[in-house]
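Asker: Okay, structure incoming, though there's no sequence with it:
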C-alpha cells in the first residue's frame with residue numbers, strides 16, 4: 001500500500017473537482033475538507049425536477065456520491081465505490097440549498113465506509129447515503 005504523502009486533502013479534492021465535469025454541472029462548492037471528511041453544497045435548479053414537479057432523486061444521490069468521493073479519496077489513495085445506498089427522507093424542491101456532509105466510519109487498508117447526510121437550507125435531513133469504497137493502493141495525483 002502506498003503511504004500518505006505531503007499532498008493535503010484540500011489539494012486532492014481541488015484536483016478532483018477541477019476534472020469532475022458532472023460535479024461542476026451540479027454547481028457544487030466545497031465548504032470543508034479534511035482527512036476522511038468532506039462538506040459540499042449546491043443549489044437546486046429547475047432543470048433538475050422530475051415529472052412529479054419535485055427534484056429527481058438522482059440529484060441528491062449525485063451530490064452524496066460526490067461528497068463520498070471527496071471524503072474517501074482525499075488522502076491521495078485512489079478509491080472507487082464498491083457499494084452505495086440512499087434513503088430519501090423528504091422531497092427536495094427547486095431553489096433548495098443542499099449541503100452534503102460525508103463522515104468516515106471506517107478507514108481500512110482495502111475498504112472504507114462512509115455516511116453522507118444531506119440537509120436543506122432549513123437544516124432538515126432530506127437524504128441519508130451510505131457508501132463503501134475499495135482502495136486501489138494507487139496515488140490519485
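Answerer: Alright, I've got the coordinates. Note that the structure is a prediction, hence the values are computed from the model and not measured. Numbering: from 1, shown residues only.
Asker: The longest helix along the chain packs against which elements?
Answerer: The longest helix of the chain (DSSP state H) is helix 57-73. With contacts taken as 3 or more CB pairs under 8 Å, 6 or more residues apart in numbering; DSSP states H and E, helix 57-73 sits against helix 9-19, helix 21-26, strand 29-34, strand 37-43, strand 77-88, strand 97-107, strand 111-119, strand 125-139. Every C-beta, even on glycine, is put in place using the N, C-alpha and C of the backbone.
Asker: and it with strand 125-139, angle?
Answerer: Taking axes from the mean of the first three to the mean of the last three CA atoms, to 10 degrees, helix 57-73 and strand 125-139 form an angle of 40 degrees between their directions.
Asker: list the buried ones in helix 57-73?
Answerer: Buried residues in helix 57-73, counted by 16 or more other CB atoms under 10 Å: 59-73.
Asker: Next up, the contacts around residue 111.
Answerer: Shown in contact with residue 111 (CB atoms under 8 Å, 6 or more residues apart in numbering): 82, 132, 133, 134, 135.
Asker: Just flag the most distant two among those.
Answerer: Maximum pairwise distance among the contacts of residue 111 (CB to CB): 10.8 Å, between 132 and 135.
Asker: Kindly provide the whole-number mean pLDDT of the longest helix of the chain.
Answerer: Average pLDDT, helix 57-73: 98.
Asker: from the middle of its chain, how far away would it be?
Answerer: Centroid displacement of helix 57-73 relative to its chain, using CA atoms, centre = their mean, to the nearest Å, is 3 Å.
Asker: Tell me what angle it forms with strand 111-119.
Answerer: Here the directions of helix 57-73 and strand 111-119 differ by 130 degrees (the same axes, to 10 degrees).
Asker: hang on, the earlier thing: highest neighbour count among the contacts of residue 111?
Answerer: residue 133 (26 neighbours; other CB atoms under 10 Å).
Asker: shared neighbours, residue 132 and residue 135?
Answerer: Contact criterion CB under 8 Å, 6+ apart; residues shared by residue 132 and residue 135: 111, 112.
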